[in-house]
Structure formats: C-alpha cells, structure tokens
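S.K.: Need coordinates for the below:
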Amino acid sequence: MLRFEIPGRDVLEISTLLLDYNGTIARDGQLIPELIERIKLLQEDLQVLVLTADTYGNVRSQCQPHGIEVRTFPSAGAARFKAEIAKSFGSGVCSLGNGFNDAEMFDASELSIAVLDDEGIWAGLVSHADILVKSPMDGLDLLLKKDRLRATLRT
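M.R.: Numbering: from 1, shown residues only. Alright, predicted model coming up:
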C-alpha cells in the first residue's frame, strides 16, 4: 500500500493500480519499455493490473514476462467492465487511462490520472480525472515520487 499525506486533505491510501493498455502504457500495441522498471517498483507496494480489450491480441505476451497481471474483456462494453473491476476492489484504487472507455473506471477510483501521450486523449476524460499528465512515465512517477503528488493535490 502507498500512503500519501496531502496537506489540507485526507490521507490518500492506494493499494491497487489499474492501467489501461492501448494509448496509456502501450504505443501501437507495444508496452512502452521505459515503464517496465517503474511498474516493477510499484508492484512492491501495490497490486498492479492491466485492463484491456486487447485490440492487438498481444497484451499477455507483452506483460506476463514482467509479472504484470492482465484482465481482458470484449471490446463491446469495455467501459462497464473496467468500472466493475475498479469497484470490485472497493477503496484504494488508482487508475491511469486515456480513452472514452476509461471515464467510468476513473469515477470508481480513489485517484485517477489521465494520460495525454502519442495516441491522444478523449477530451471528456479530463473532467473525470484528478490529474492530467503528459506521459505514462509522469503518471507512474507521481506514485513513486510522493512529493510530486502532494504538490499537485494539496489545498
């Protein structure tokens, strides 16, 4: 579990990290190499899951060699599946995403981080997000370098 003491706010405790795959931690269906070490560090304190409809059909071969748990579901209704998974953990969920089908997952998460990277972002997602970052590396670094998150969320 990661614990963040945010000045002027309640303590934020995160136990689960949900990662959208395509457009968030993968570019054109390929896991972004710079993320692997960050994810491994976060796995020491968090349960980390990748959630995807697996558009390219290769998510398991990309993630499993690094010990990253994957949950797949049909493309139709992806938003609902992601939200249900987030809700199943109760509190302590942090999610990263970039697409239309991430909005409900964001609403069900304690902390939501929208990622604007090479594949773009659904503009409406920003209204569901707590934080907007310019890359998935920056999003994961908010969790790894706690003072960054504190500075962003303090009152």
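S.K.: partner residues bridging the residue most central in space within the chain?
M.R.: Centrality entry for the chain: nearest residue to the mean C-alpha point is L96, 2.3 Å, by Cα atoms, centre = their mean. When assigned by DSSP bridges, L96 has beta-bridge partners L19, I113.
S.K.: Same check on F4?
M.R.: Listed beta-bridge partners, F4: L12 (assigned using DSSP bridges).
S.K.: Please state the backbone phi and psi of V59?
M.R.: Note on V59: backbone dihedrals following degrees, to the nearest 10 are phi -60, psi -40.
S.K.: same deal with D141?
M.R.: The phi and psi torsions at D141 (degrees, to the nearest 10) take the values phi -70, psi -30.
S.K.: Repeat that for P136.
M.R.: Torsion angles, degrees, to the nearest 10, at P136: phi -70, psi -30.
S.K.: now do G23
M.R.: When read as degrees, to the nearest 10, the backbone of G23 gives phi 90, psi -10.
S.K.: what sits against the nearest residue to it once chain neighbours are set aside?
M.R.: In space, and not counting its chain neighbours, G23 is closest to E119: 3.7 Å by Cβ to Cβ, 6 or more residues apart in numbering. Quick note: C-beta positions are derived from backbone N, CA and C, even for glycine. When contacts are counted by Cβ atoms under 8 Å, 6 or more residues apart in numbering, E119 touches N22, G23, R27, D28, N98.
S.K.: how about these in a markdown table, adding secondary structure?
M.R.: As requested, the contacts of E119 are exported to a markdown table (DSSP: H, G, I helix; E, B strand; the rest coil):
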| residue | secondary structure |
| --- | --- |
| N22 | strand |
| G23 | coil |
| R27 | strand |
| D28 | coil |
| N98 | coil |
